[in-house]
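# what's the 3D shape of this:
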Amino acid sequence: MSGPAVILAARRTAVAPRGGAFADIEPHRLAAPVLAACLADAGLEAADVDEVILGNALSGGGNVARLAALAAGLPEDVPALTLDTQCCSGLDAVLAAARLVETGGARAVLAGGVESFSRSPLRAHRPRGANETPDFYDRPAFAPWPERDPDPLAAMAAFAAQEGIRREVQHALACGSHAAARAAAARLALEIVPVAGLEADAFTRPLTPPLCRRAPVVAGEGACALDASVVAVEADAAAALLVVSRDLARALAAGRKSAGCTVVGGLARGGPPEWPFAALPPAVSALLARTGHVPGELGVVELMESSAVQALANRVEIGVPGERVNRGGGALARGHPIGASGAILAVRLFQELVRPGTRPGALGLAAIPAAGGLATALMLARAPAG
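Below is the predicted model:
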């Protein structure tokens, strides 16, 4: 039986900068309590889960989703899949779950993402001969052509210089992100599963333009350079959503305060690999066209903030009023746990749409670009009660 997919629960850990509160916790141990919390929120038994799908980019192989599922107490016969599309991984996992449910391949899927910069393995290319040593590297190639595979920070700095995006403009967005996160602290706490005693995003602070001006430059030079205050910090976190069929959602509806959110649509797109964030606006436009909506209908938008330059450029092209974007702050105020970042956006979107007072049918969007010229977008609508 096929039909629309419904998200019934969405939870996450706090986000901790690399080397912080989660420094000693392996990725699957971060994800396990979040998976369990989603099941508890929805009142679904672990035995009723058909599959677990998690995004991850840094664990160095294996199947993190399988480890997390077992650690969360799911039955051993529940399969698990780990996927890697870099920054898009967590949101792509949610889309994969929705497609499984929509086509009748599953009734209940736990999907999301997990990342630990702190526990990521050292990476090296194996020596080709006895006279060579391992060649350690920080990141893999994102394109087969070196001349079209710049470091993402260098690409964003080049774009800032090309478009004249000055440091003070970048600072304003970063300060606004932190301010929004601080103002939303009480409702953010409702979606966070405490792990290792951390109950709030650790990086959020009272950021001001004078503090930004003191931050060291990390890419570019001159008036449009990128400094540390306008680039999302490397971080650790996990996030998950429970995606179910409409009939299962109805069966679980008794006693629930919210009917959750219906998946209106989602898609992924590619673009020029040398511009890591260029694929996002076309992905959003294609999703709006496919679903028959326009930007003005989106009441809530959760947009990735890998850097202020990326966020500014994408905000302008999407054409959604700024007050609807990242109402609880963005990655500049939290950090960027690569494989989990897209799933965190989906959790934030879900939580904003199910807030008391939000009308049934209200639309929202989560969108994230990735290194290599990828982007993923997801549209949700608050489901009607009953």
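
# quick one: contacts for the closest residue to Phe142 other than its chain neighbours?
Excluding the flanking residues, the one nearest Phe142 by C-beta to C-beta, 6 or more residues apart in numbering is Gly372, at 3.6 Å. Yep, even glycine has a C-beta here, placed from its N, CA and C like the rest. Counting by C-beta atoms under 8 Å, 6 or more residues apart in numbering, Gly372 touches 86, 142-143, 273, 276.

# can you give me the helices in the stretch 151-300 of the chain?
For the stretch 151-300 of the chain, the helices defined by DSSP state H, counting those that start in this stretch occupy 152-163, 167-183, 185-189, 209-213, 246-251, 280-291.

# ok, and what's touching the first one?
Yep, that's helix 152-163 we're talking about. Against helix 152-163 from outside (C-beta under 8 Å, 6+ apart): 150, 165, 170, 218-220, 222, 224-226, 231, 274-277, 306-307, 309-310, 313, 371.

# avg pLDDT for that helix?
On average, the pLDDT along helix 152-163 is 95.

# now that helix: buried residues?
152-153, 155-161 (16 or more other C-beta atoms under 10 Å).

# point out where this protein drops to low pLDDT.
For the chain, residues meeting the criterion pLDDT under 70 lie at 1, 255-258, 386.

# circling back to that earlier point, mind checking the helices of the stretch 151-300 of the chain for the one nearest to Ala5?
helix 246-251 (7.8 Å; C-beta to C-beta).

# list the contacts of the closest one.
1, 3-6, 8, 48, 107-108, 259-260, 262, 383.

# what about stretch 274-286, start to end distance?
Stretch 274-286 has its terminal residues 21 Å apart, counting by C-alpha to C-alpha, to the nearest Å.

# numbering from 738 from now on, please.
Okay, using 738 as the starting number, the last item reads as stretch 1011-1023.

# output the helices of the stretch 888-1037 of the chain as CSV; include the columns distance to Asp814.
As requested, the helices of the stretch 888-1037 of the chain are exported to CSV (distance: least, C-beta to C-beta, whole Å):
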stretch, distance to Asp814
helix 889-900, 40
helix 904-920, 40
helix 922-926, 35
helix 946-950, 52
helix 983-988, 19
helix 1017-1028, 35
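
# quick one: Cys949 from Cys961, how far?
Look at Cys949 and Cys961: by C-beta to C-beta, to the nearest Å, they are 14 Å apart.

# and for Ala988?
55 Å.

# Gly1059 too?
Where Cys961 is concerned, Gly1059 sits at a distance of 21 Å (C-beta to C-beta).

# coming back round to it: including neighbour count and secondary structure, could the contacts of helix 983-988 go into JSON lines?
Putting the contacts of helix 983-988 into JSON lines (neighbours: other C-beta atoms under 10 Å; DSSP: H, G, I helix; E, B strand; the rest coil) gives the following:
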{"residue": "Met738", "neighbour count": "8", "secondary structure": "coil"}
{"residue": "Gly740", "neighbour count": "12", "secondary structure": "coil"}
{"residue": "Pro741", "neighbour count": "15", "secondary structure": "coil"}
{"residue": "Ala742", "neighbour count": "27", "secondary structure": "strand"}
{"residue": "Val743", "neighbour count": "25", "secondary structure": "strand"}
{"residue": "Leu745", "neighbour count": "27", "secondary structure": "strand"}
{"residue": "Asp785", "neighbour count": "15", "secondary structure": "helix"}
{"residue": "Arg844", "neighbour count": "20", "secondary structure": "coil"}
{"residue": "Ala845", "neighbour count": "24", "secondary structure": "strand"}
{"residue": "Ala996", "neighbour count": "19", "secondary structure": "coil"}
{"residue": "Gly997", "neighbour count": "25", "secondary structure": "coil"}
{"residue": "Thr999", "neighbour count": "21", "secondary structure": "strand"}
{"residue": "Ala1120", "neighbour count": "24", "secondary structure": "coil"}
